[in-house]
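> Below is the structure, and that's it, no one-letter string:
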Ligand SMILES: Cc1cc2nc3c(=O)[nH]c(=O)nc-3n(C[C@H](O)[C@H](O)[C@H](O)COP(=O)(O)OP(=O)(O)OC[C@H]3O[C@@H](n4cnc5c(N)ncnc54)[C@H](O)[C@@H]3O)c2cc1C
């Protein structure tokens with residue numbers, strides 16, 4: 001019998017970690033290449049696998065929500081990211097947020113402990129031969145990015161993303177803020193900074209006139225809508241932030257019993273509760289300007305920043321032209337891509353794509369055909385979506401529920417309906433897993 005080839009996985013981020021975990025658990029040897037810490041990306045701060053570079057939230061956790069369904073599917077697929085997330089969850093209302101350090105440490109330890117994973121601390125500079133999963137993310141090192149570009153015969157495609165600042169809890173004026181989750185859903189998890197209209201106006205004016213950090217090539221029009229810098233959002237008009245991160249509805253101030261004019265929310269960032277991030281405040285302002293402008297928020301007058309927000313380049317490929325829904329490239333079936341490079345957007349979506357790509361890479365190594373996940377599951381819908389939709393407009397979280405907007409409009413109790421859709425998707429995934437993915441080796 002021919003020996004089973006070893007699979008290369010490049011990048012131990014969210015997608016690469018899941019891919020390596022699934023390939024190894026299917027009995028196939030893995031060579032996992034990760035360049036950190038010898039070479040860092042502009043946004044990563046540690047050498048741990050699956051580092052969360054911005055928010056510590058993995059978003060909604062309820063089944064009635066597409067992000068929640070995706071998580072449920074990942075749990076069903078024995079996701080290492082979901083296992084670690086549950087072990088290291090921190091209070092976040094209806095969302096799932098984690099202690100970023102212990103979360104990544106658990107994933108690193110779990111993968112390192114697998115006997116059939118060889119970890120190679122090296123930057124890969126060109127696409128290797130053999131079955132390979134490329135999961136180098138939005139900050140793929142330049143030489144490999146060039147090699148991918150050459151392979152794809154594509155122009156450089158990119159847009160920009162930004163990360164939010166992190167603050168120490170001790171430096172927040174607790175007399176001015178209050179603990180509450182929107183509509184009191186879940187436990188009271190957020191610190192809320194209430195603003196009067198006059199305070200909002202001062203803050204708004206300072207924000208739209210604040211100085212941005214320099215970035216080569218950067219245009220405001222290049223940002224990804226889902227992670228838009230707060231100052232870019234503010235420049236769209238005075239009302240925009242009030243319908244976005246500063247939305248006050250469901251956040252009545254217990255001191256007054258009234259809804260403030262605007263509310264800035266702070267979310268716990270570590271298990272100890274010593275650190276908080278400013279929700280929706282990804283930013284590209286100069287660091288001094290972040291300190292000056294964000295200190296105008298009531299409660300943050302003397303706040304201490306442990307990390308300022310940053311802007312970065314974000315590389316992605318034209319998946320509709322280049323990939324199949326199995327995450328294989330059209331030109332080279334033994335070359336897979338996973339993670340944000342493919343156009344999926346977000347931590348959890350990247351990890352989910354790593355499950356599908358990893359499962360298929362292992363199948364190929366075992367002499368089995370790669371498979372397309374059912375399109376009524378989130379994982380299948382995502383793969384279908386990125387291979388049929390322009391990556392720059394990709395909104396994977398809407399892929400499942402968004403396909404039936406008219407139907408949705410007619411449904412009064414969306415939540416109940418969505419839960420039923422999710423339950424069907426999970427049942428289909430179970431059948432698919434039992435009938436198609438079960439491999440005896
Ligand atoms: C600044 C920033 C803010 C973000 N904010 C959010 C957010 O708030 N919420 C959210 O859901 N998503 C956010 N994202 C997106 C999120 O990072 C990605 O969705 C997710 O991390 C992508 O997973 P990935 O596995 O594709 O890439 P990553 O998690 O970035 O992993 C890629 C890995 O590949 C390694 N690598 C790169 N090149 C090479 C090479 N040549 N050789 C070897 N190793 C290499 C890197 O070191 C890294 O470990 C943000 C991204 C960035 C960069």
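Okay, I see it. Because the structure is predicted, anything quoted here is derived from the model rather than measured. Numbers count the residues shown, from 1 in each chain.
> For the closest residue to residue 57 other than its chain neighbours, grab the count of nearby residues.
Leaving aside its sequence neighbours, residue 57 sits nearest to residue 97 (C-beta to C-beta, 6 or more residues apart in numbering; 4.3 Å). Any C-beta I mention is one placed from the backbone N, CA and C, and that applies to glycine too. Neighbourhood size, residue 97 [other C-beta atoms under 10 Å]: 25.
> Check the one 5 residues further on too.
Here the number of neighbours of residue 102 (other C-beta under 10 Å) works out to 17.
> Other residues contacting the helix or strand harbouring it?
Using DSSP states H and E, the element containing residue 102 is helix 100-112. Residues outside helix 100-112 that contact it (C-beta atoms under 8 Å, 6 or more residues apart in numbering) are 12, 17, 20-21, 24, 32, 46, 48-52, 56, 80-81, 83-85, 87-88, 117, 119, 269-271.
> Narrow the residues you listed to just the buried residues.
By neighbour count, with 16 or more other C-beta atoms under 10 Å, the contacts of helix 100-112 hold 12, 17, 20-21, 24, 32, 48-52, 56, 80-81, 83-85, 88, 117, 119, 269-271 as buried.
> and the ligand, which of these contact it?
Near the ligand, judged by C-beta under 6 Å from any ligand atom, the entries from these are residue 12.
> From the buried ones among the contacts of helix 100-112, which land in helices?
Of the positions in the buried ones among the contacts of helix 100-112, 17, 20-21, 24, 80-81, 83-85 sit in helices, assigned by DSSP state H.
> Among those, which pair sits farthest apart?
Comparing all pairs in these by C-beta to C-beta, the longest separation belongs to 24 and 85, at 19.7 Å.
> just the helices in this protein please.
So, for the chain - with DSSP H - the helices run 14-25, 66-76, 80-87, 100-112, 142-152, 197-209, 230-234, 287-294, 319-322, 347-365, 378-386, 405-410, 414-432.
> interface residues of the stretch 51-200 of the chain facing the ligand?
Residues of the stretch 51-200 of the chain lying close to the ligand by C-beta under 6 Å from any ligand atom are 53-55, 123-124, 135-141, 144, 161, 163.
> What is the nearest of these to residue 330?
Using C-beta to C-beta, residue 135 comes nearest to residue 330 of these, at 18.4 Å.
> so who does the closest residue to that closest one other than its chain neighbours touch?
Counting by C-beta to C-beta, 6+ apart, residue 16 is the residue found nearest to residue 135 once chain neighbours are left out, at 3.5 Å. The contact partners of residue 16, by C-beta under 8 Å, 6+ apart, come to 9-10, 32, 34, 49, 133, 135-136, 338-339, 354.
> switch the cut-off to 7 Å
9-10, 32, 135, 339, 354 (C-beta atoms under 7 Å, 6 or more residues apart in numbering).
> next one: residue 204
Residue 204 makes contact with 234, 238, according to C-beta under 7 Å, 6+ apart.
> And for residue 369, the neighbour number?
Neighbour tally, residue 369, other C-beta under 10 Å: 9.
> Do you know the pLDDT at it?
The score at residue 369 is 97. That number is its pLDDT.
> of all of this structure, which residue lies closest to the ligand?
In the chain, no residue comes nearer to the ligand than residue 13, which is 1.7 Å away by C-beta to the nearest ligand atom.
> I'd say that residue and residue 135 touch.
Yes - between residue 13 and residue 135 there is a contact under C-beta atoms under 7 Å: 6.1 Å.
> So between the two, which is more surrounded?
Of the pair residue 13 and residue 135, residue 135 is the one with more neighbours under other C-beta under 10 Å, namely 35 against 29.
> Pick out the most distant pair among the residues of the stretch 51-200 of the chain next to the ligand.
Farthest pair in these, by C-beta to C-beta: 55 and 124, 28.0 Å.
> rewinding a little: tell me which of the helices of the chain is the most buried.
Mean neighbour count (mean count of other C-beta atoms under 10 Å) peaks for helix 14-25 among the helices of the chain, with a mean of 30.
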